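[1] need the 3D shape of this:
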Amino acid sequence: MKNAVILHGSGETPESFWFPYIKLELEKKGYIISIPQLPNTDNPDLASWLPAAFKEAYNEETLLVGHSAGCPLILSVLEQLNVKIKQAILVAGFSTPLPDGSTSILQDKYDWKKIGENVEDIILINSDNDPWGCDDKQGRNILDNLGKGTLIIQKGEGHMGSDTYNQPYKEFPFLVKLFD
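    Here you go, the predicted structure:
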C-alpha cells in the first residue's frame, strides 16, 4: 500500500503552507495520505510528538515528508522503525540546536546507521538563508552523518513556509517532482 505521512513543524497544522497541495498531488499518484495534528505545536517536544507519529502506519512503500521540527521527528521515527521505508524527504530540517537554543524536539544523539538502514532514499531540502537556522549547513550535517542521501540547496527560499517571515508557500511543485 502506497502511503505518505506528512509531519508538520512547530506552530503548524495539517492545513499549513504546502501540506494541502502536496496531499492533493500525492493522492493523484495513488497514495493514501496522513497528516496528523501533532500535539502542543507551539512547544514541540519529542516525548509527545514521537508517540503521535507512531500512531501512523509505516511499510516498505511509505513516503515520509517533514517540515522544520517535523524533520528531527522523522529522524527519531526512522531510528525506531522495524521496517525499511521507501523514501523520506526533509524540508528545512535540522539535527543540532538552532540559534534560539531550542532542543526539545532533538535527541541527544542519533543512531545514524540505523536511520540510514531504515530508509531506501532520503532527500534533504534546505535553503541558504533560512531565518530560523534550518539552513544548508544543517542539511549538510545530516547528510554527512547519514553517509547517504541527496542534499538540495534552494537558493534564497528561506524556511519554505513561515507565517512569521511572511512565506506563505502554498504550493511546492519542485517537491512533487521528487516523489518516487
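[2] which helix or strand contains the spatially most central residue of the chain?
    Closest to where the C-alpha atoms of the chain average out (CA atoms, centre = their mean) is residue 66, at 2.0 Å. Using DSSP states H and E, residue 66 sits in strand 62-67.
[3] which elements pack onto that strand?
    Contacts defined by 3 or more CB pairs under 8 Å, 6 or more residues apart in numbering; DSSP states H and E place strand 62-67 against strand 3-7, helix 19-28, helix 70-80, strand 85-91. The C-beta positions use only the backbone N, C-alpha and C, and glycine is treated the same way.
[4] can you add mean pLDDT, mean neighbour count and distance to residue 39 and give those back as CSV?
    Output for those, formatted as CSV (pLDDT from 0 to 100; neighbours: other CB atoms under 10 Å; distance: least, CB to CB, whole Å):
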stretch, mean pLDDT, mean neighbour count, distance to residue 39
strand 3-7, 98, 24, 12
helix 19-28, 97, 17, 17
helix 70-80, 98, 24, 12
strand 85-91, 98, 25, 21
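[5] would JSON lines of the ones you listed with distance to residue 147 be doable?
    Converted to JSON lines, the helices and strands packed on strand 62-67 look like this (distance: least, CB to CB, whole Å):
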{"stretch": "strand 3-7", "distance to residue 147": "23"}
{"stretch": "helix 19-28", "distance to residue 147": "28"}
{"stretch": "helix 70-80", "distance to residue 147": "14"}
{"stretch": "strand 85-91", "distance to residue 147": "15"}
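[6] of those, which is nearest residue 124?
    Proximity to residue 124 (CB to CB) singles out strand 85-91 among the helices and strands packed on strand 62-67, at 5.1 Å.
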